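Visitor: missing the sequence, but the structure's below:
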């Protein structure tokens, strides 16, 4: 099956710093989404981005489908950005395969 | 986005008992819902796909007789963990599929602890 690897696995930042999270996948996909799981376990939709670039406030994402990776950029990080970030992919199906996750801690 | 609720949010039970978890779509009629399991510090693993009015489709390695899924209406899917054992302790999360674009919206999760 498809493999979805995220890096780095852990990231510690001071408030105000910028960061880039990466998602590599082993096969062509037609669905890619980024989620934030907050410390209470709730998953929050960030981007639906099977290709191209999108921006939403301090967050932006880019997917290069031909090279099988996606990047999530967080600028001017805040303590509320803490949690785990997952990318999830789908191939010709409504099922999503979740990546390994990046655990982000932002300190004041 | 769509709003999904789960009940209960937390449950502690004795080994051998059965536990039912409800997943409700509050503002959307979801023909397809999904059930995931997440162990501590791990990713989400899909357990099954729940389709309204038909039998659920289970992922490889998930025991369908242990994890009973019912999706009797467009707004409610239930997961029953039968004869729960300590190794079933986990965080169970449901989601609903929303087309155009093809996304999923997640419930807040249910933390199950089996003693």
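Guide: Perfect, thanks for sending it. All values reported here derive from a predicted model rather than from experimental measurement.

Visitor: chain neighbours aside, what residue packs nearest to residue 27?
Guide: This is for chain A. Closest residue to residue A:27 in three dimensions, ignoring its sequence neighbours and counting by C-beta to C-beta, 6 or more residues apart in numbering or on different chains: residue A:2, at 4.6 Å. Using the backbone N, CA and C atoms, a C-beta is placed for each residue, glycine as well.

Visitor: the intended chain is chain B.
Guide: Nearest non-adjacent residue to residue B:27, counting by C-beta to C-beta, 6+ apart: residue B:3, 5.1 Å away.

Visitor: so what's residue B:84 up against?
Guide: Applying C-beta atoms under 8 Å, 6 or more residues apart in numbering or on different chains to residue B:84 gives the contacts B:13, B:15, B:16, B:17, B:18, B:19, B:112, B:114.

Visitor: now, which of those lie within strands?
Guide: Judged by DSSP state E, the subset of the contacts of residue B:84 located in strands is B:13, B:19, B:112, B:114.

Visitor: strands along the chain, start to end?
Guide: Went with chain A since none was named. Using DSSP E, strands in chain A cover A:4-7, A:10-14, A:19-25, A:31-37, A:43-48, A:52-56, A:59-64, A:69-74, A:83-90, A:97-98, A:102-107.

Visitor: hmm, no, I was thinking of chain B.
Guide: B:4-7, B:10-13, B:19-25, B:32-38, B:44-51, B:57-58, B:67-73, B:76-81, B:90-98, B:103-106, B:110-114.

Visitor: indicate which one of these is closest to residue A:67.
Guide: Residue A:67 lies closest, by C-beta to C-beta, to one member of these: strand B:103-106, at 23.3 Å.

Visitor: quick revisit: count the neighbours of the residue nearest to residue A:27 for me.
Guide: Counted with other C-beta atoms under 10 Å in any protein chain shown, residues neighbouring residue A:2 total 13.

Visitor: who's in contact with residue A:32?
Guide: Neighbour list for residue A:32: A:23, A:25, A:48, A:49, A:50, A:63, A:65, A:70, A:87, A:88, A:89, A:90 [criterion: C-beta under 8 Å, 6+ apart].

Visitor: what subset of the contacts of residue B:84 is buried?
Guide: B:13, B:19, B:112, B:114 (16 or more other C-beta atoms under 10 Å in any protein chain shown).

Visitor: let me have these in CSV, extended by distance to chain A and pLDDT.
Guide: Output for those, formatted as CSV (distance: C-beta to the nearest C-beta, whole Å; pLDDT from 0 to 100):
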residue, distance to chain A, pLDDT
B:13, 19, 96
B:19, 17, 97
B:112, 12, 98
B:114, 18, 97
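
Visitor: ok, of these, which one's closest to residue A:6?
Guide: Using C-beta to C-beta, the buried ones among the contacts of residue B:84 come closest to residue A:6 at residue B:112, 26.1 Å.

Visitor: so what sits opposite the closest one in the bridge?
Guide: residue B:11, residue B:90 (DSSP bridges).

Visitor: now residue A:53: closest residue in space, sequence neighbours ignored.
Guide: Residue A:53's closest residue in space is residue A:62 (C-beta to C-beta, 6+ apart), at 4.5 Å.
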